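pasted the sequence and its predicted model underneath.
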Amino acid sequence: MKAMIAGFAAMVVIGVGAYFVLGEMGFSAADTLSSPNVRLD
Amino acid sequence: MTKTKTGFGWFMGLVLVLGALALVLRPTPPSTTPDPAALAEVREATTGGAQTLEDILRRQQGLPIDDSFRRSQLDDGTAAGMAQQLGTLGGESDSEVWRALRYGYDGVEVSAGGPVARVLMQDGGMTWLQFREGPLVTYGGGLLLGTIGLLVIFYLLRGRVQLDYEKTGRTVTRFQFIERFAHWMLAGSFILLGLTGLLVLMGRLFIAPVFGLEANALILTVSKFVHNNVSWAFMLALVMVFFMWVWHNIPNRTDITWFAQAGGIVGSSHPPAKKFNGGQKIIFWSVILLGGSISVSGLSLLFPYELPLFAKTFAVLNGIGVPGWLGMGAFPVDLAPQEEMQFAQLWHAIVSFVLMAIIIAHIYIGSVGMEGAYDAMGSGEVDEAWAAQHHSIWLEEIKAKRAESGTASGSSAAPAE
């Protein structure tokens, strides 16, 4: 059971981490595929 | 020593029989191949050589048409000059301009967006949308519901696969913590990805009419966020599982015996198996190959237009001659960036549906379908009676190792955790 919980926890950590890391690295598709004149937020 | 009835053989038999029936009884699709000569004749008679209503309707329905006569009518200099009566700007007729845009022959200049933005008209989008909302949802959803239905029927007919002998109380470690960790990370992420993928695919068709567009939009936004980001956990776990288990999943002679006895259900002898039996190897390679393919097409979708896959793949397949084997024309190799994404999305979804159906069967066998199976991934410890029934060679190997290392008692009542 511990392995299952650890696996699920790792999945959440990796998912949240991927969101922030890739966003910081400029991999957002919205940023990539729009010009500076587009207001995204 | 023991008689084993895993039930897997019955299940596979049932699937094969129903698959064969579906193949035999399937309705004959109507012919969609146009007769170019007949169409040209109609075209000449009704419009003097221009496209006909039938051409337009076929194109709107995504059916193949012979558009070579339109593709060739570009910049032929027949339009009246700009300064002449009825002349158009630049001396090119409006029809020529639109044809050039449709077939991508005109040099469209854009200030942002690159090659993607240069495509102003892309007919394939309608074909993709119709396939996505039609056959993909129908057959994909049918596959999942059909698999669940088959498993219910199988359970009612066969019942749970029980242990033939009483549990011994002695356990052996089947999977270490790191193996179970990777399995559950893979399983958890796959279930999340499957559910969110289904919501993205089917939300507009099934959720929006009931709960409204606003609710559907919220669900889709959350689903997309989860789907995009959890995918990394899936890919990492897939790599972990591959390296940990590939050695045990290389096919060998014991698999032939296992399949010959349909997992032990046919005949009275017990099919011996190592750590993974033939059925589990099918699951493993399905997960690796289909999961790998889903990952690659998913990466193409995660980074739009950055990782086009299909023009190159189609070129390779054309070179090998695959379309000819299937009785088809050559696959298209000149794809607009948008078409690449459309193919990636369809492939991603189709392969995912197949893997989801396989995993539903895997979940069944690993939970309600077989007594004692869950322990292997739950605590990691399985009873020796279970191991002897389902993985006799593996158990003997474990016992031999124990004997060699001096822990000859051969038992471990303590859980792995």
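Good, I have the coordinates.

which parts of chain A are helices?
Assigned by DSSP state H, chain A shows helices spanning A:2-24, A:29-32.

quick one: closest of the ones you listed to chain B.
Among these, the nearest to chain B by C-beta to the nearest C-beta is helix A:2-24 (3.1 Å). Heads up, the C-betas are built off the backbone N, CA and C, glycines and all.

and that closest one, which residues are buried?
The neighbour-count check on helix A:2-24 (16 or more other C-beta atoms under 10 Å in any protein chain shown) flags A:3-4, A:6-8, A:10-11, A:14-15, A:18-19, A:22 as buried.

ok, these vs B:A376, which is closest?
Nearest to B:A376 among the buried residues of helix A:2-24: A:A3, at 11.3 Å, using C-beta to C-beta.

check what pLDDT the closest one gets.
Turning to A:A3, the model gives it a pLDDT of 93.

grab the nearest non-local neighbour of it.
B:R180 (3.5 Å; C-beta to C-beta, 6 or more residues apart in numbering or on different chains).

can you count the residues close to the one you found?
For B:R180, the count of nearby residues is 25 (other C-beta atoms under 10 Å in any protein chain shown).

now swap in B:G124 and tell me
B:G124, neighbours per other C-beta under 10 Å, totals 15.

sketch out the low-pLDDT regions of chain B for me.
B:1-12, B:15, B:23-36, B:73-83, B:86-93, B:104-107, B:264-270, B:407-417 (pLDDT under 70).

what parts of it come near chain A?
Contact residues (C-beta under 8 Å from any C-beta of the partner chain) of chain B with chain A: B:111-113, B:116, B:177, B:180-189, B:192, B:225-226, B:228-230, B:232-233, B:236-237, B:302-305, B:377-380, B:417.

before we move on, back to that, okay, who's weakest in the buried residues of helix A:2-24 by pLDDT?
Lowest pLDDT among the buried residues of helix A:2-24: A:L22, 89.

how close does the closest residue to it other than its chain neighbours sit to B:V97?
Of all residues not flanking A:L22 in the chain, A:S28 sits nearest, at 7.3 Å (C-beta to C-beta, 6+ apart). Applying C-beta to C-beta, to the nearest Å, the value for A:S28 to B:V97 is 36 Å.

higher neighbour count, the two?
Higher neighbour count among A:S28 and B:V97: B:V97, with 17 against 14, using other C-beta under 10 Å.

in what helix or strand does that one lie?
Here B:V97, judged by DSSP states H and E, is contained in helix B:94-102.

buried residues, the next helix or strand after that helix. List them.
Toward the C-terminus, helix B:94-102 is succeeded by helix B:114-118 as the next helix or strand (DSSP H and E). Under the neighbour-count criterion of 16+ other C-beta under 10 Å, helix B:114-118 has B:116, B:118 buried.

ok, B:L16 - contacts?
By C-beta atoms under 8 Å, 6 or more residues apart in numbering or on different chains, no residues touch B:L16.

you'd agree it is in a strand?
No: read with DSSP: H, G, I helix; E, B strand; the rest coil, B:L16 is helix and lies in no strand.

any idea how far B:I288 lies from B:I191?
Using C-beta to C-beta, B:I288 is found at 18 Å from B:I191.

for B:M328, same thing?
Between B:M328 and B:I191 the computed distance is 35 Å (C-beta to C-beta).

quick check: the gap between the most centrally placed residue in chain B and A:F20.
Nearest residue to the geometric centre of chain B (C-alpha atoms, centre = their mean): B:V351, 0.7 Å. B:V351 sits at a distance of 29 Å from A:F20 (criterion: C-beta to C-beta).

cross-check the contact I'm expecting between A:S35 and B:S111.
Yes: taking C-beta atoms under 8 Å as the definition, A:S35 is a contact partner of B:S111 at 7.3 Å.

what parts of chain A come near chain B?
Counting by C-beta under 8 Å from any C-beta, chain A sits next to chain B at A:1-4, A:6-8, A:10-11, A:14-16, A:18-19, A:27, A:29, A:32-35, A:37.

ok, back up a step: so between A:S35 and B:S111, which is more surrounded?
More crowded of A:S35 and B:S111, by other C-beta under 10 Å: A:S35, with 10 against 7.

using PDB, write out every CA atom in the helix holding B:V97.
In PDB, the C-alpha atoms belonging to helix B:94-102 read as follows (Å, rounded to 0.1, in the frame of the first residue of the first chain):
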ATOM      1  CA  ASP B  94     -10.400  35.500 -57.800                       C
ATOM      2  CA  SER B  95     -11.000  31.800 -58.300                       C
ATOM      3  CA  GLU B  96      -7.300  31.300 -59.100                       C
ATOM      4  CA  VAL B  97      -6.300  33.100 -56.000                       C
ATOM      5  CA  TRP B  98      -8.600  31.000 -53.800                       C
ATOM      6  CA  ARG B  99      -7.500  27.800 -55.500                       C
ATOM      7  CA  ALA B 100      -3.800  28.800 -54.900                       C
ATOM      8  CA  LEU B 101      -4.600  29.400 -51.300                       C
ATOM      9  CA  ARG B 102      -6.500  26.100 -50.900                       C
END
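
contacting residues around the spatially most central residue of chain A?
Central residue of chain A (C-alpha atoms, centre = their mean): A:Y19, 1.2 Å from the mean position. A:Y19 makes contacts with B:225, B:228-229, as judged by C-beta under 8 Å, 6+ apart.
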